[in-house]
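S.K.: curious how this folds, go ahead:
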Amino acid sequence: MSNSGKTKKRIRKAAGAVVAEQGAGKLTIEAVASQAGISKGGLLYHYGTKKELLEGMLDDLLLERGALFETDKDHSSRKKLRSLIETEFALSSEERATAQSILAAGAEDPALLEPARDYFQTLFKHISHEKDDPTLTITVALALQGMQLLETIGLYQFDKNQKSQLKKRLLELVS
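M.R.: Next up is the predicted model:
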């Protein structure tokens with residue numbers, strides 16, 4: 001990875017930390033620059049606007065999930081769904097905070113969410129081709145995404161035991 005790529009990654013990580021520590025409303029260029037240990041001008045060299053930074057953060061968030069569908073095309077929909085369940089339940093507080101800030105920004109600028117729309121189009125395209133029971137795999141994906149959305153926007157927080165039981169049950173359903 002180039003020095004520029006490393007700096008951009010450090011900036012995105014700093015932005016996630018700002019949101020995780022202070023909330024989505026405190027995500028400013030100045031706060032991120034301070035957290036990343038660079039000047040505001042240095043940050044703006046890499047990300048000319050807050051929107052560009054948010055787009056980079058969204059790309060990071062979707063990268064791992066999208067890789068589930070880009071590689072190993074021979075894997076079954078259920079195997080991919082199991083991988084998605086594992087990935088979603090492993091979200092860090094920074095990743096959840098990043099998702100929250102992107103959702104908040106997306107309310108003001110819906111175009112910002114276009115990569116997420118593309119991701120969900122790909123997700124449901126892949127799992128709807130499940131041979132045995134496509135409705136079951138879609139239902140499990142919807143349950144998983146609904147749970148994550150409730151937590152991300154702060155409407156409900158599942159405790160550790162609930163999450164463990166939900167994960168176990170979702171994995172059982174797709175086995």
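
S.K.: quick check, central residue of this structure?
M.R.: Nearest to the mean C-alpha position of the chain, by CA atoms, centre = their mean, lies Leu61 at 3.6 Å.

S.K.: what's the average pLDDT for the strand or helix carrying Met147?
M.R.: Using DSSP states H and E, Met147 sits within helix 134-152. Averaging pLDDT along helix 134-152 yields 90.

S.K.: may I see the buried residues of that helix?
M.R.: Within helix 134-152, the residues that count as buried by 16 or more other CB atoms under 10 Å are Thr137, Ile138, Val140, Ala141, Leu144, Gln145, Met147, Gln148, Glu151, Thr152. Using the backbone N, CA and C atoms, a C-beta is placed for each residue, glycine as well.

S.K.: can you list contacts of it?
M.R.: With contact meaning CB atoms under 8 Å, 6 or more residues apart in numbering, helix 134-152 is reached by 77-78, 81, 84-85, 88, 91, 96, 99-100, 103, 120, 123-124, 127-128, 130, 156-158, 166, 170, 173-174.

S.K.: among these, which lie within strands?
M.R.: Assigned to strands by DSSP state E, none of the contacts of helix 134-152 qualify.

S.K.: and Phe69, what pLDDT?
M.R.: The model reports Phe69 with a pLDDT of 65.

S.K.: out of the buried residues of helix 134-152, which is nearest to Gly37?
M.R.: Gly37 has its nearest neighbour among the buried residues of helix 134-152 in Thr152, at 27.9 Å by CB to CB.
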